[in-house]
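Participant: the following block contains a protein sequence and its predicted model.
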Amino acid sequence: AKVERYPLSFQQQRLWFVDTYQEGSPEYNIFRAYRFDGALDVALLEKSIKDLICHQDSLRTSIVSENGKAYQEVATTVESFDLPVIDLTNIPISERDKIIAKDERHVFDLSKGPLIQAKLFIIGENAYTLTVVIHHIISDGISIGILQNQLAEIYNAHVRGEEIKLAKPEFTYAQYSCEQQADCAKEENQKGLAYWTRKLEDPTPLALPTDFPRPAIRTSNGSIFKKEIPKDLVEKLSKFCREENSTAFMVLLANYYHLLSRYSGQKDVLVGFPIANRLQSNVDNTIGFFVNTIVGRCELSGDVSFRQLVNDTMADILESFEYQSIPFEKVVESVNPSRDQSRNSIFQTSFSVNQLKLELPEWEGVQIANYPSHSTTCHFDISMNISIKENDRVGIVNYNTDLFSEDTIERFFNHYLHLLSTSLSNPDTFIGDQSLLTAQEQKTILVDWQGKKEKYPQDRGIHHFFERQAKLTPHAIAVSVEEEEISYEQLD
């Protein structure tokens with residue numbers, strides 16, 4: 001097939017560099033799995049995926065390098081696409097899930113497109129699981145929604161024998177990349193870059209206590225912890241947001257700053273969060289790696305109330321939104337932080353809030369649902385996502401398993417909920433006066449761990465007991481300081 005060559009976007013340059021440095025890695029795969037029940041037409045599904053690849057330029061894109069410089073190469077057509085069909089009906093469910101989950105760790109060769117892979121697993125009579133893994137370098141979260149909707153639309157048209165009426169994207173990702181490169185030198189972008197450089201000067205690495213020694217080179221081995229958020233807490237959050245004319249994101253982010261500061265003991269806290277970065281209306285139906293990163297920075301002190309912390313957070317983030325289109329990769333380049341291969345640059349934790357309920361599209365003749373999957377990768381030390389959609393109130397923590405145990409992350413999230421509840425109930429109390437420990441933890445430490453209570457004579461002081469011990473064991477060590485040791489007899 002013929003190819004057309006374009007420059008990489010700044011986002012793509014970063015992922016290409018990471019992939020080259022790691023010599024191929026599943027860290028930046030986006031993985032989805034779907035359960036189908038009904039008379040699925042497998043041949044039409046395969047044809048539909050191929051048609052979608054033909055429809056979206058990014059799905060025909062590969063990344064090639066020449067003389068140390070990388071480019072996007074967009075094939076004008078896709079010559080072949082095969083949908084492997086694997087029969088798992090005789091495999092135990094526990095083993096079946098492991099086989100399906102393996103696709104998440106597929107390693108793409110970025111120079112060989114398409115950078116999307118799909119497999120169909122037969123798991124029962126008229127029951128299937130479709131897995132789709134796509135490299136982040138050509139896609140993002142919103143792109144997955146576009147992919148789901150357009151694939152269903154194409155499949156439904158084929159089943160009904162109708163013409164496919166999908167309009168070609170008005171603005172391709174390759175055009176976006178070219179425009180981004182041209183915009184870089186504009187005065188407005190230079191002003192934005194200067195803003196981020198000032199804001200993120202001398203970033204302080206987040207020093208969370210870890211369960212295991214930090215590897216010399218950062219790893220991407222991860223896991224997921226999920227926990228439901230109590231309904232009354234979400235209602236309390238909504239009430240506070242209305243009173244403060246704030247958003248749930250601002251309040252929840254302020255609480256995350258507070259938690260991180262308490263855990264690390266640091267007053268200067270930096271947190272990254274993704275933004276869609278689809279500022280042009282003509283990219284609404286374009287698959288591509290548009291998402292950008294913004295960094296919030298918070299200076300905390302114990303004598304600030306939670307209400308004030310929320311207001312300070314809002315002021316900082318709203319100002320940052322004015323410069324949200326400045327590529328994070330250019331920001332890192334300008335800030336030029338001290339490099340440490342064991343950590344991410346600028347920030348080591350991310351935060352996001354999901355309030356949009358995304359429904360899966362309807363498929364002709366079959367029922368579709370998300371198939372449970374469990375991430376085994378992570379991009380940061382810890383990433384927290386709060387979902388407060390209707391009938392779906394859950395906290396999701398993606399964490400690096402080479403740093404943290406699941407018990408620690410569970411405790412971390414419980415403390416997040418505890419601080420949030422306490423702060424919403426008493427928003428004018430200084431955050432430094434709030435206890436990080438839950439009521440159960442306080443009971444455990446103050447009561448359960450105190451052991452058996454002993455009765456002591458009320459008419460004698462502690463010095464009397466010391467004198468008695470000195471007579472019983474005069475030569476035993478009573479005090480040890482560095483190299484010096486003092487016996488009970490000497491101390492008495």
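Facilitator: Nice, I can see it.

Participant: so which residue is dead centre in this protein?
Facilitator: Ser383 (4.0 Å; Cα atoms, centre = their mean).

Participant: now do the SS call for that one.
Facilitator: Under DSSP: H, G, I helix; E, B strand; the rest coil, the three-state class of Ser383 is strand.

Participant: wait, it sits on Thr349?
Facilitator: Yes. Counting by Cβ atoms under 8 Å, Thr349 is a contact partner of Ser383 at 6.6 Å. No exception for glycine: its C-beta is placed from N, CA and C like everyone else's.

Participant: follow-up on the earlier one: contacting residues for the residue nearest to the centre of the chain?
Facilitator: Thr349, Ser350, Phe351, Ser352, Val397, Asn398, Tyr399 (Cβ atoms under 8 Å, 6 or more residues apart in numbering).

Participant: from the residues you listed, which single one is nearest Glu125?
Facilitator: Asn398 (35.4 Å; Cβ to Cβ).

Participant: let me know the pLDDT of the closest one.
Facilitator: Per-residue confidence (pLDDT) for Asn398: 96.

Participant: for it, give the beta-bridge partners.
Facilitator: As for beta bridges, Asn398 partners with Ile224, Ser383 under DSSP bridges.

Participant: so where do the helices sit in the stretch 201-350 of the chain?
Facilitator: Assigned by DSSP state H, counting those that start in this stretch, the helices in the stretch 201-350 of the chain fall at 231-244, 248-264, 306-321, 328-335.

Participant: residues of the shortest one that come out buried?
Facilitator: In this case it means helix 328-335. Residues of helix 328-335 classed as buried: Phe328, Glu329, Lys330, Val331, Val332, Val335 (neighbour count, 16 or more other Cβ atoms under 10 Å).

Participant: for that helix, packing partners?
Facilitator: helix 10-22, helix 187-199, strand 292-299 (3 or more Cβ pairs under 8 Å, 6 or more residues apart in numbering; DSSP states H and E).

Participant: for the ones you listed, give me JSON lines that also has distance to Asp211, mean neighbour count and mean pLDDT.
Facilitator: Shown next, in JSON lines, are the helices and strands packed on helix 328-335 (distance: least, Cβ to Cβ, whole Å; neighbours: other Cβ atoms under 10 Å; pLDDT from 0 to 100):
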{"stretch": "helix 10-22", "distance to Asp211": "24", "mean neighbour count": "18", "mean pLDDT": "92"}
{"stretch": "helix 187-199", "distance to Asp211": "32", "mean neighbour count": "15", "mean pLDDT": "94"}
{"stretch": "strand 292-299", "distance to Asp211": "26", "mean neighbour count": "19", "mean pLDDT": "96"}
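
Participant: where in the stretch 201-350 of the chain is pLDDT low?
Facilitator: The model of the stretch 201-350 of the chain has no residue with pLDDT under 70.

Participant: how much space between Asp41 and Leu83?
Facilitator: According to Cβ to Cβ, to the nearest Å, Asp41 and Leu83 sit 12 Å apart.

Participant: same thing with Arg160?
Facilitator: In terms of Cβ to Cβ, Arg160 sits 21 Å off from Leu83.

Participant: for stretch 259-277, C-alpha coordinates in PDB please.
Facilitator: Extracted C-alpha coordinates of stretch 259-277, given in PDB (Å, rounded to 0.1, in the frame of the first residue of the first chain):
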ATOM      1  CA  LEU A 259      -3.800  13.100  51.500                       C
ATOM      2  CA  LEU A 260      -0.500  13.200  49.600                       C
ATOM      3  CA  SER A 261       0.900  15.900  51.900                       C
ATOM      4  CA  ARG A 262       0.000  13.900  55.000                       C
ATOM      5  CA  TYR A 263       1.500  10.700  53.700                       C
ATOM      6  CA  SER A 264       4.700  12.300  52.400                       C
ATOM      7  CA  GLY A 265       5.200  15.000  55.000                       C
ATOM      8  CA  GLN A 266       5.700  17.500  52.100                       C
ATOM      9  CA  LYS A 267       4.100  20.900  51.800                       C
ATOM     10  CA  ASP A 268       4.900  21.200  48.000                       C
ATOM     11  CA  VAL A 269       2.700  18.700  46.100                       C
ATOM     12  CA  LEU A 270       2.500  18.200  42.300                       C
ATOM     13  CA  VAL A 271      -0.200  16.100  40.700                       C
ATOM     14  CA  GLY A 272      -0.800  15.500  37.000                       C
ATOM     15  CA  PHE A 273      -4.100  15.000  35.300                       C
ATOM     16  CA  PRO A 274      -5.200  14.300  31.700                       C
ATOM     17  CA  ILE A 275      -7.300  16.700  29.600                       C
ATOM     18  CA  ALA A 276      -9.000  15.800  26.300                       C
ATOM     19  CA  ASN A 277      -7.200  18.600  24.400                       C
END
